[in-house]
Every structure is written in C-alpha cells, then in structure tokens.
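**Q** Everything below, folded, please.
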Amino acid sequence: MRSDSIKKGVEKTASRGLLYSTGITKKQMDYPFIGIASSFTDLVPGHSGMRELERYIEKGIHSGGGQSFIFGVPAICDGIAMGHKGMRYSLPSRELIADCVESVARAHSLDGLVLLTNCDKITPGMLMAAVRLNIPCIVVTAGPMLDGKCRDQKLTMISGTFEALGQYKAGKITKEQLENYEINACPGIGSCQGLYTANTMACLTEVMGMSLPGCATAAAVSAKKRRIAFDSGFRAVGLVRENILPESIMTEESMKNAVIADLALGGSTNSILHLLAIANEAGINLSLNDFDELSRKIPQIIKLDPSSTLTMTDLDNAGGIPAVLNTLGITDNEVWTDNNVIRPMDNPITSNPGLAVLYGNIAPEGAVVKISGVDPECHKFEGTARVFVGEDAAMQAVTGNEIKPGDVVVITYEGPKGGPGMREMLAVTSMITGKGLGKEVALITDGRFSGGTRGLCIGHISPEAPDGGLIGLLKDGDKIKIDIENRILEAELTEEEIKNRRRQFRPADRRIPKGYLSRYARTVGPASRGAVSV
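**A** Sure, this is the predicted structure:
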C-alpha cells in the first residue's frame with residue numbers, strides 16, 4: 001500500500017508513534033489509509049451539512065476495512081462573494097483546493113481519497129487533484145437544496161433574490177414582497193436549486209464515473225444522500241484494493257461524454273472552464289473546438305432553472321443522470337425516465353445545444369454563451385456598445401437606468417488576469433433581467449457568469465483586455481453583431497481602425513501588489529484553455 005511508506009519498518013517508529021497518538025489501533029494500522037477531503041464550512045449552505053455526511057463516509061470506509069482520516073479544504077460561496085471584491089477569489093480558489101488536496105495526500109502517503117464537495121469551484125478543484133495525484137478516488141457531492149416556496153410561488157435562489165431585487169428596483173414588487181422572497185428562497189442546506197455551476201459540475205462528475213449513480217441529484221437533506229455517502233466510503237476501499245485509478249475513469253471518452261451531457265443539459269458556462277482545466281491535468285486533448293463541434297450535433301433535451309421553472313428536484317424525480325445517459329445513448333441501463341422533464345432525442349426542447357462557442361474579431365480564441373438562457377428572438381442581435389472597465393461601473397449604470405434597449409454592455413478587465421480572478425457577474429445580469437431588459441440588451445465580457453445567469457450574455461472572451469484583445473479596444477458607440485445560430489461575435493470595425501486603436505492601446509492598471517491574487521495574476525492562463533495556472 002502507498003501508506004506503507006509512513007507505517008512499515010522499524011525506521012518508521014516516529015511516524016507510527018504520531019499516528020497512534022490520533023487514537024488508531026495496531027489493527028487499524030494495517031488497513032488502507034483513506035483520506036476524506038472535506039470542504040465543510042458553516043459559511044456555505046451547500047457545505048454546512050457535511051458534518052453528517054462525513055460520519056456516513058467514515059462508517060462506509062470502516063465497514064469496508066479501511067481507516068479514515070478527515071482533512072479540510074477551503075470553500076467559497078459564489079452567491080455570498082458576488083458583487084464585491086470577494087468574487088475575485090472564487091475561481092482562483094479552484095487552484096488552491098487542488099493544491100491543498102495534493103499536498104495533504106502526498107505528504108501523508110494516503111492510499112485513496114473520498115472527495116466531499118458541492119459548490120462551484122470546489123468540485124472541479126477536487127477533480128483536478130484526483131487526476132494529478134492519480135490515486136484511487138471517489139467523489140461525493142453533497143446535493144442540492146429543496147425548492148423555496150412563498151405562498152403559492154415556487155422560488156429558487158436566483159428568482160427569489162437576484163432577479164427579485166431587479167423587480168424591486170423596477171417598481172414591479174414591493175419591499176415587503178422582496179423580503180418575503182429572500183427569506184423563503186433558500187429553505188435549507190444544499191447547493192442552489194437550479195442547473196447552476198455547482199449542480200452542473202455534480203452532474204458531470206457523475207457522467208464521468210467519479211461519483212456513484214444518483215449522487216448528483218439526490219437532495220442534501222435526503223436519506224438517499226446519506227446512503228450514497230456510506231456506499232462511497234465503502235467503495236473507496238474497494239478502489240484501493242483493486243487499484244482503480246482516476247486515469248482509467250476520467251478518460252478522453254468519459255470527458256467527451258461529459259461535454260455531450262453538458263450541451264444536452266444546458267449547464268453553466270463555467271463548466272467549460274472546468275472541464276478544460278480537468279482535461280489539462282489529465283493530459284487529455286480537450287479544447288473549445290470540441291465543444292463547438294459537438295454543439296452542432298447535440299440538441300438540448302432538458303431545461304432547468306434559471307431557464308425554466310424545473311429544478312434539480314424535478315430532475316431527480318425524473319430519473320436523474322442515469323436517465324439522462326440512457327436518453328443520450330451513452331448507457332443502456334434499465335432506468336425509469338420522465339419524458340416530460342428529460343425529452344427524447346427525437347423530440348428535444350430545441351435542436352440547439354444548451355451551450356455554444358462564438359468566434360469573430362472580438363473573440364478570435366472563442367467566447368461562450370448559454371443558449372438555453374437566451375430567448376430565441378435574441379439569437380441575432382445588433383446593438384451599440386456601452387463600455388465599462390470592471391463590473392462595478394457597469395452595475396452603477398444599470399441601477400442608474402443608463403442602459404437602454406439596443407445597448408450592448410461591454411465589461412472589460414474582468415478576465416482571469418485582468419480582474420484578476422474572472423469574477424462572475426450574476427448581480428448585473430440579474431438586474432438587467434429583473435428590469436425587463438433581458439430581450440433588449442446584450443452583455444459581453446472577458447469575465448464570466450454564474451450558472452444562474454440568463455439573457456443574452458456572452459463571456460470568457462479571449463484574448464482578454466490586458467492581453468490586447470479587441471474587447472479592450474472597444475469604445476462607446478461601436479456597433480456589435482451577435483449571431484448565435486452562426487456562432488459569430490463581431491465588432492463592425494475596419495482592420496485599419498483596429499490597427500490604429502491597437503497602436504494607441506495602454507492597458508488599464510488593475511494590478512494587485514501582494515497576496516494570493518497577485519501571484520495568481522502572474523501565473524494564470526487564458527479562459528480559452530481553462531484559466532489554469534502555469
């Protein structure tokens with residue numbers, strides 16, 4: 001066993017002495033050492049129920065003949081970090097999480113891992129660590145929260161808070177209604193109810209085979225989730241004994257299946273960043289071109305919140321990811337499927353995929369749009385640029401009623417390097433939607449969006465502004481053309497005008513002098529390749 005390097009032989013007397021001090025017995029010293037990388041925190045609703053899941057995973061490991069050791073990794077709630085400087089730490093935390101798991105597992109020669117995770121950057125960070133370490137691993141995603149309810153209205157985190165705020169600002173609801181929505185939108189522990197980034201990544205983790213069937217959609221408060229936690233702990237010991245490694249699970253084929261499922265689900269645009277980053281760690285050749293190629297073949301067969309009123313609860317009741325995989329022809333297990341939620345391939349919701357990659361002079365290396373959140377009337381849009389350096393300036397303009405129908409809000413210097421940290425912009429996109437401008441205003445950025453974003457919002461534009469991307473050269477009044485059907489994002493500028501602007505270009509100074517973000521900005525790569533640190 002890998003752990004023999006810290007517990008076998010007379011030379012390891014000191015190591016064993018320290019291990020005995022934790023309370024384990026001589027008999028347990030002979031068991032496989034299984035780490036439980038837990039992202040528990042009281043701060044994050046998707047993670048605050050993990051103490052109980054840790055116990056069930058422990059029981060499973062011990063029942064399987066292993067010895068468990070819990071250690072912690074950081075977790076950030078994007079909803080709480082949204083709309084202020086804290087959001088700059090969200091995407092960079094993915095690299096921290098991968099490094100933390102790697103460091104603890106390698107330093108203590110663990111034989112295997114159970115990765116207990118749930119929210120946006122934690123799950124991909126855990127998966128990056130799994131393929132980097134390449135020791136037996138299994139993932140437990142802690143599950144979605146139940147739907148909110150206010151009188152006879154079904155609520156989610158997005159509709160009951162961010163979009164409700166936009167409605168209040170537009171005078172469509174009262175302060176009392178807003179307060180009723182906010183206290184009822186999130187009724188308990190779990191990841192937010194819709195197909196946002198957390199739940200998208202949970203689904204794709206199950207698709208790739210890194211978590212047990214049913215794990216992605218089982219509610220955080222359910223007995224089903226506790227059984228899955230126990231079974232995952234038990235299976236982790238079996239993976240060690242059989243030496244089944246992540247490289248044999250997260251293969252090129254399984255990652256392509258994840259892309260197919262992502263397109264069919266209409267998942268979060270952030271999933272593209274994360275799949276690219278995981279593939280990079282695994283040495284698998286996956287690029288935006290793969291998403292583009294498959295997006296022309298895969299229709300959308302499911303539509304969940306924020307693009308509909310259906311939630312993860314409905315997907316679980318409809319058969320969950322096993323039913324999705326059957327419908328896509330990836331598996332052929334006997335699984336009950338509700339075709340009102342998971343549409344058959346010959347009768348999809350739309351022939352368009354849930355996600356698409358756009359190219360053009362603004363995004364020669366690609367940009368990403370969540371088609372499932374865009375009204376079909378807006379698939380072709382031409383408008384006038386309103387350019388803002390940073391999300392804060394754009395948010396001020398939106399709340400101040402400065403944005404009008406026909407505008408294209410251009411937010412620059414929010415990419416991985418320029419932010420730094422590639423902030424999500426759910427606050428500004430939700431405000432636009434809440435004000436009733438979702439069909440009349442577009443937004444493009446080198447930053448990114450929450451999985452809860454809907455409307456004509458295009459992100460991940462590469463190259464980003466500080467790297468000389470055209471998005472950093474745009475000016476108020478420029479004409480912008482968006483054609484989702486033909487995958488085009490263009491500024492109506494002549495080559496001569498672009499050359500003139502490039503000669504005069506001076507990047508905005510967004511440097512942070514010290515700390516983690518300063519180091520991150522110096523090492524992070526482009527969004528088109530997963531925004532991985534190099």
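
**Q** Tell me the helix or strand right after the biggest strand by length in the chain.
**A** Ranked by number of residues, the top strand in the chain under DSSP state E is strand 380-389. Where DSSP states H and E defines the elements, the next helix or strand beyond strand 380-389 is helix 391-399.

**Q** Sort out which residues of that next one are buried, please.
**A** By neighbour count with 16 or more other Cβ atoms under 10 Å, helix 391-399 contains the buried residues 391, 392, 394, 395, 397, 398, 399. Quick note: C-beta positions are derived from backbone N, CA and C, even for glycine.

**Q** Counting by contacts, list what that helix packs against.
**A** Using 3 or more Cβ pairs under 8 Å, 6 or more residues apart in numbering; DSSP states H and E, the elements in contact with helix 391-399 are strand 380-389, strand 407-412, helix 426-434.

**Q** that older thread, parallel or antiparallel, list what pairs with the longest strand of the chain.
**A** Using DSSP bridges, strand 380-389 pairs in its sheet with strand 407-412 (parallel), strand 479-483 (antiparallel).

**Q** Using TSV, please lay out these together with distance to residue 469.
**A** Below are those laid out as TSV (distance: least, Cβ to Cβ, whole Å):
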stretch	distance to residue 469
strand 407-412	9
strand 479-483	14
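
**Q** thinking again about what came up before, any chance of the buried residues of helix 391-399 in CSV, plus pLDDT and distance to residue 332?
**A** Below are the buried residues of helix 391-399 laid out as CSV (pLDDT from 0 to 100; distance: Cβ to Cβ, whole Å):
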residue, pLDDT, distance to residue 332
391, 92, 46
392, 91, 51
394, 94, 48
395, 92, 49
397, 94, 52
398, 92, 48
399, 90, 52
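
**Q** quick one on the thing from earlier: mind checking which of the helices and strands packed on helix 391-399 is nearest residue 53?
**A** Proximity to residue 53, assessed across these by Cβ to Cβ, is greatest for helix 426-434 (27.1 Å).

**Q** Report the inter-axis angle for the closest one versus helix 391-399.
**A** If you take axes from the mean of the first three to the mean of the last three Cα atoms, to 10 degrees, helix 426-434 sits at 20 degrees to helix 391-399.

**Q** about what we covered before: buried sites along the longest strand of the chain?
**A** Neighbour counts using 16+ other Cβ under 10 Å place 381, 383, 385, 386, 387, 388, 389 of strand 380-389 among the buried residues.

**Q** Contact partners for the closest residue in space to the fifth one that isn't next to it in sequence?
**A** In this structure, residue 387 finds its nearest non-sequential neighbour in residue 410, 4.5 Å apart by Cβ to Cβ, 6 or more residues apart in numbering. Contacts for residue 410 (Cβ atoms under 8 Å, 6 or more residues apart in numbering) come out as 385, 386, 387, 388, 443, 444, 445, 471, 474, 480.

**Q** Give me the contacts around the longest strand of the chain.
**A** 394, 397, 402-403, 406-413, 441-442, 456, 474-485, 491, 508.

**Q** Identify each of the strands in the chain and give its residue range.
**A** With DSSP E as the criterion, the chain has strands at 33-38, 67-72, 112-117, 137-141, 148-150, 153-155, 356-358, 367-369, 380-389, 407-412, 442-445, 457-459, 479-483, 488-491.

**Q** Can I get those strands in JSON lines including mean pLDDT and distance to residue 23?
**A** JSON lines is the format used below for the strands of the chain (pLDDT from 0 to 100; distance: least, Cβ to Cβ, whole Å):
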{"stretch": "strand 33-38", "mean pLDDT": "98", "distance to residue 23": "14"}
{"stretch": "strand 67-72", "mean pLDDT": "98", "distance to residue 23": "11"}
{"stretch": "strand 112-117", "mean pLDDT": "98", "distance to residue 23": "20"}
{"stretch": "strand 137-141", "mean pLDDT": "98", "distance to residue 23": "24"}
{"stretch": "strand 148-150", "mean pLDDT": "92", "distance to residue 23": "42"}
{"stretch": "strand 153-155", "mean pLDDT": "90", "distance to residue 23": "45"}
{"stretch": "strand 356-358", "mean pLDDT": "94", "distance to residue 23": "52"}
{"stretch": "strand 367-369", "mean pLDDT": "95", "distance to residue 23": "49"}
{"stretch": "strand 380-389", "mean pLDDT": "96", "distance to residue 23": "56"}
{"stretch": "strand 407-412", "mean pLDDT": "96", "distance to residue 23": "53"}
{"stretch": "strand 442-445", "mean pLDDT": "96", "distance to residue 23": "52"}
{"stretch": "strand 457-459", "mean pLDDT": "94", "distance to residue 23": "49"}
{"stretch": "strand 479-483", "mean pLDDT": "98", "distance to residue 23": "61"}
{"stretch": "strand 488-491", "mean pLDDT": "97", "distance to residue 23": "59"}
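
**Q** To residue 334, which of the ones you listed lies closest?
**A** With Cβ to Cβ as the criterion, residue 334 lies closest to strand 137-141 of those, at 23.9 Å.

**Q** how big is the angle separating that closest one from strand 33-38?
**A** Counting by the same axes, to 10 degrees, strand 137-141 lies at 30 degrees to strand 33-38.

**Q** Run through the neighbouring helices and strands of strand 137-141.
**A** Packing contacts for strand 137-141, counted by 3+ Cβ pairs under 8 Å, 6+ apart, involve strand 112-117, helix 122-133, helix 197-207, helix 223-242.

**Q** how about the CA coordinates for that strand, as PDB?
**A** Taking C-alpha atoms only, strand 137-141 is exported to PDB below (Å, rounded to 0.1, in the frame of the first residue of the first chain):
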ATOM      1  CA  CYS A 137     -10.600   8.500  -5.500                       C
ATOM      2  CA  ILE A 138     -14.400   8.800  -5.400                       C
ATOM      3  CA  VAL A 139     -16.400  12.000  -5.200                       C
ATOM      4  CA  VAL A 140     -19.400  12.700  -3.000                       C
ATOM      5  CA  THR A 141     -21.300  15.900  -4.000                       C
END
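
**Q** Quick one: the helices in the stretch 151-300 of the chain, in order.
**A** Taking DSSP state H, counting those that start in this stretch, the helices of the stretch 151-300 of the chain run over residues 157, 163-169, 175-184, 197-207, 223-242, 252-265, 270-282, 288-295.

**Q** same check, this time on the stretch 1-150 of the chain
**A** Taking DSSP H, counting those that start in this stretch to define them, one finds helices in the stretch 1-150 of the chain at 4-7, 13-20, 26-29, 50-63, 78-81, 90-107, 122-133.

**Q** try the stretch 401-534 of the chain
**A** Under DSSP H, counting those that start in this stretch, the stretch 401-534 of the chain gives helices at 426-434, 495-504, 516-523.

**Q** Quick one: those helices as TSV, columns for mean neighbour count and distance to residue 360 too.
**A** Below are the helices of the stretch 401-534 of the chain laid out as TSV (neighbours: other Cβ atoms under 10 Å; distance: least, Cβ to Cβ, whole Å):
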stretch	mean neighbour count	distance to residue 360
helix 426-434	27	21
helix 495-504	11	12
helix 516-523	16	27
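
**Q** one step back: weakest of the helices of the stretch 1-150 of the chain in terms of mean pLDDT?
**A** Lowest mean pLDDT of the helices of the stretch 1-150 of the chain: helix 78-81, a mean of 91.

**Q** Nearest the middle, which residue of this structure would you pick?
**A** Here the mean C-alpha position of the chain is nearest to the C-alpha of residue 197 (Cα atoms, centre = their mean), at a distance of 3.3 Å.
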